[in-house]
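J.: Quick one, fold the following:
(one chain, ligands or ions: 1)
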Amino acid sequence: MSVTHEIIEADDSSVGVLLRQDPELAEILFAEGRRQSTTLQLIAAENFTSPAVLAALGSPLANKYAEGYPGARHHGGCEIVDVAERLAAQRAQALFGAEHANVQSHSGSSAVLAAYAALLRPGDTVLALGLPYGGHLTHGSPANFSGRWFDFVGYGVDAETGLIDHDQVRTLARARRPKAIVCGSIAYPRHLDYAAFRDIADEVGAYLIADAAHPIGLVAGGAAPSPVPYADIVCATTHKVLRGPRGGMILCGSELAERVDRAVFPFTQGGAQMHTIAAKAVAFGEAATPAFAAYAHQVVANARALAAHLAAEGLVVTTGGTDTHLLTADPAPLGVDGKTARGLLAAAGIVLDCCALPHADARGLRLGTAAVTTQGMGEREMRAVATLVAGVLRGTTDPAAARADVRDLTAEFPPYPD
Ligand SMILES: *Cc1c(COP(=O)(O)O)cnc(C)c1O
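T.: You can find the predicted model right below:
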């Protein structure tokens, strides 16, 4: 610790400035940095963003008020941040082959709120994956605006296979005539069949909204099919597999561009966060490189390896595997439920989430490989991780011993190598 302090105090980096002015808060930043780099990050929604993205986030653009859109702002002095926002939007359009990109959404949830605001009226019927099967809060949870303001109907997944049953989606769509159909999930491990959803939406005259918060980074890297040719509106986050700053974005065709823009500002948000938008531009630039495509494919290879090794250790992997960066699994055969498992693994320095399992009462585990792949881990390390996870859950590996192995493993793969 004191070594870190000396090094940072010696230079006048922004962290050094913070340490001198506010050591109490600086300690918290160091502690979180240490936690992230010495424990195993298997939360499917997380990643390590690049030093360049972090630099944009900590830049003077954080000072700028910029309500409105480039060339049409409610504040003066926006001529330079306008260039940043245009660049971010152009890069997003090129990366995803979209006619229009709105890069102002503060988060994934804000992007979904704006998509609904652009297409729906309160009380409209919306069809989405039910929350017990991996729907997001914004897909009709009674605790969220979506469940309060719209009439959500949930489709599910097949009890045997865990796969979305498009016949059920079509039957519900015919019976309920939704104004919009949402496809997208926080836990579905397989590629979505966007063409099938488009076909159902067309049959009943519904809009198709793809909430691609999770897979959009795989789409950018060519490791998952793109919803852009099929959905009227694509909502996404920029901080999950895509590895950018925390935030959201919306992609759509030119015919909906104006409605989407107005739904973001002024309908659901105020001033754009220009430092985050600049950081999004950096992330889109990174995601357009061959290195990122290789990364996205390795993320999937790692998730497949992790799923296969966990299954070999006795966990029941939903759908039998994964096409994406995430998998869900029931640890019950090892004698624990998901909630207990999360606690045991936390003691071993293995950080992951519990999740609902389709057609099960007990909770399961959700694991993702975006962050560990950014650290440079590969299939060999996924095997070691699966062995550690299973040993801790079965009670044959002492969590303290596993913690030491996790320290060794993470020391070999620092998220921010010097
Ligand atoms: C992560 C996620 C969101 C919300 O993103 P936030 O930035 O946390 O608001 C919305 N929808 C889906 C499917 C997600 O996975």
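J.: The residue of the stretch 51-200 of the chain found nearest the ligand - nearest residue in space that isn't next to it in sequence?
T.: When scored by CB to the nearest ligand atom, the stretch 51-200 of the chain has Gly108 as its residue closest to the ligand, at 2.3 Å. Any C-beta I mention is one placed from the backbone N, CA and C, and that applies to glycine too. Spatial nearest neighbour of Gly108, excluding adjacent residues (CB to CB, 6 or more residues apart in numbering): Thr237 at 3.8 Å.
J.: in the sheet, who's paired with that neighbour?
T.: For Thr237, the beta-bridge partners are Gly248 (DSSP bridges).
J.: Run through the strands of the stretch 101-250 of the chain in chain order.
T.: 125-129, 151-155, 180-183, 207-211, 233-237, 248-252 (DSSP state E, counting those that start in this stretch).
J.: got those as CSV, with mean pLDDT, distance to Leu326 and mean neighbour count columns?
T.: Conversion of the strands of the stretch 101-250 of the chain to CSV gives the following (pLDDT from 0 to 100; distance: least, CB to CB, whole Å; neighbours: other CB atoms under 10 Å):
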stretch, mean pLDDT, distance to Leu326, mean neighbour count
strand 125-129, 98, 15, 24
strand 151-155, 98, 20, 19
strand 180-183, 98, 16, 26
strand 207-211, 98, 15, 26
strand 233-237, 98, 14, 29
strand 248-252, 98, 19, 28
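J.: Turn those into TSV, columns for distance to the ligand.
T.: Formatted as TSV, the strands of the stretch 101-250 of the chain follow (distance: least, CB to the nearest ligand atom, whole Å):
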stretch	distance to the ligand
strand 125-129	9
strand 151-155	14
strand 180-183	9
strand 207-211	4
strand 233-237	5
strand 248-252	6
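J.: Dump those to TSV, plus distance to Gly349.
T.: Shown next, in TSV, are these (distance: least, CB to CB, whole Å):
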stretch	distance to Gly349
strand 125-129	32
strand 151-155	36
strand 180-183	35
strand 207-211	32
strand 233-237	26
strand 248-252	31
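J.: nearest to Ala92, of the ones you listed?
T.: strand 248-252 (6.1 Å; CB to CB).
J.: and the next element down the chain from the closest one?
T.: Past strand 248-252, further along toward the C-terminus, the next helix or strand under DSSP states H and E is helix 254-262.
J.: pLDDT averaged over that following helix - what is it?
T.: Mean pLDDT, helix 254-262: 98.
J.: May I see the buried residues of that helix?
T.: Across helix 254-262, burial judged by 16 or more other CB atoms under 10 Å covers 256-257, 259-261.
J.: That helix - contacts with which helices or strands?
T.: Applying 3 or more CB pairs under 8 Å, 6 or more residues apart in numbering; DSSP states H and E, we find helix 254-262 packed against strand 100-102, helix 108-119.
J.: Deepest-packed of the ones you listed, please.
T.: helix 108-119 (a mean of 25; mean count of other CB atoms under 10 Å).
J.: The ligand: which of the buried residues of helix 254-262 is nearest?
T.: Val260 (16.3 Å).
J.: how about that closest one, what does it touch?
T.: 100, 102, 114-115, 118, 233, 250, 252 (CB atoms under 8 Å, 6 or more residues apart in numbering).
J.: Determine the number of other residues adjacent to the residue in the stretch 301-418 of the chain that the ligand sits nearest to.
T.: In the stretch 301-418 of the chain, the residue that lies nearest the ligand is Leu326 (9.8 Å; CB to the nearest ligand atom). By the measure other CB atoms under 10 Å, the count of residues near Leu326 is 32.
J.: bridging residues for it?
T.: Beta-bridge partners, per DSSP bridges, of Leu326: Gly368.
J.: ok, now the one 4 residues further on?
T.: In this entry, Asp330 is beta-bridged to Val316, by DSSP bridges.
J.: Just to check, it is in contact with Pro358?
T.: No: counting by CB atoms under 8 Å, Asp330 does not reach Pro358; the two are 10.1 Å apart.
J.: what's the overlap in contacts for these two?
T.: In contact with both Asp330 and Pro358: Thr318, using CB under 8 Å, 6+ apart.
J.: Any figure for the gap between Ala223 and Ala293?
T.: Ala223 sits 7 Å away from Ala293, going by CB to CB, to the nearest Å.
J.: of these two, who's got more company?
T.: Shown here are Ala223 and Ala293; by other CB under 10 Å, Ala223 has more neighbours (24 against 15).
J.: What sits closest to the more buried one if chain neighbours are left out?
T.: Per CB to CB, 6+ apart, closest to Ala223 is Ala296, 3.9 Å.
J.: which residues touch that neighbour?
T.: 217-218, 220-224, 241.
J.: next one: Met382
T.: 302, 305-306, 309, 369, 372.
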